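Chemist: What follows is a predicted structure for the sequence shown.
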Amino acid sequence: MRSGASYVDRWQLDWFPVKSAMHLLSAKTGYIASLQKVPQLKQPYEIVNVPANVQYLEMKLLVYPGKPIMLHDPRSLTKLIGGCPHYIVCCYFYQCEPCVPEIYVAAET
C-alpha cells in the first residue's frame, strides 16, 4: 500500500500457485455519499453499479484456481471477474452495516 511516493505497508503472501479459494482482501467504504468522486478515471477500469439505496459498501477480493468453478454469491450486489490460465480473481460487492472506511489484508494464506 502506498501513500504518495512512500509505502504505508508491505507484505508478501504465498498465494501462488492457487490450489483453493483464498480471501486476500476486504475493504469497507464508510458512508458512500461522503466519498469524493474521481474526476477522471485512468484506463482500464470497470464501473461497479451500486443500487441508489446502498449507503455502505464492502468489497471482498478472492482468488480461485484457474479451472471452471461457480463464482456466484447470492448475498453479493454484483461482482467483477478477471482471470488468466492459472487463476481467477473475483471482487464481490455487498451492502454492509454503517462503518468507517476499513481495509483488511490476509496475513496468511
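Modeler: Here it is on my side, so go on. Residues are numbered from 1 along each chain as shown.

Chemist: mind listing what P17 touches?
Modeler: By Cβ atoms under 8 Å, 6 or more residues apart in numbering, P17 lies in contact with 86-87. Every C-beta, even on glycine, is put in place using the N, C-alpha and C of the backbone.

Chemist: mind checking pLDDT for it?
Modeler: As predicted, P17 sits at a pLDDT of 85.

Chemist: And Q36, by the same measure?
Modeler: In this model, Q36 is scored at 74, pLDDT.

Chemist: Please apply the same query to A106.
Modeler: If you check A106, the pLDDT there is 81.

Chemist: List the residues that contact it.
Modeler: Applying Cβ under 8 Å, 6+ apart to A106 gives the contacts 13, 22-25.

Chemist: Need the residue closest to the centroid of the protein.
Modeler: Centroid-nearest residue in the chain: L61, 3.8 Å away (criterion: Cα atoms, centre = their mean).

Chemist: wouldn't it be in contact with W15 here?
Modeler: No: using Cβ atoms under 8 Å, L61 makes no contact with W15, being 11.2 Å away.

Chemist: Next, show the common contact partners of those two.
Modeler: Joint contacts of L61 and W15 (Cβ under 8 Å, 6+ apart) are L24.

Chemist: about what we covered before: using CSV, please lay out the contacts of A106 together with neighbour count, distance to V50 and pLDDT.
Modeler: Shown next, in CSV, are the contacts of A106 (neighbours: other Cβ atoms under 10 Å; distance: Cβ to Cβ, whole Å; pLDDT from 0 to 100):
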residue, neighbour count, distance to V50, pLDDT
L13, 14, 28, 71
M22, 17, 25, 87
H23, 13, 21, 88
L24, 15, 22, 88
L25, 15, 19, 88
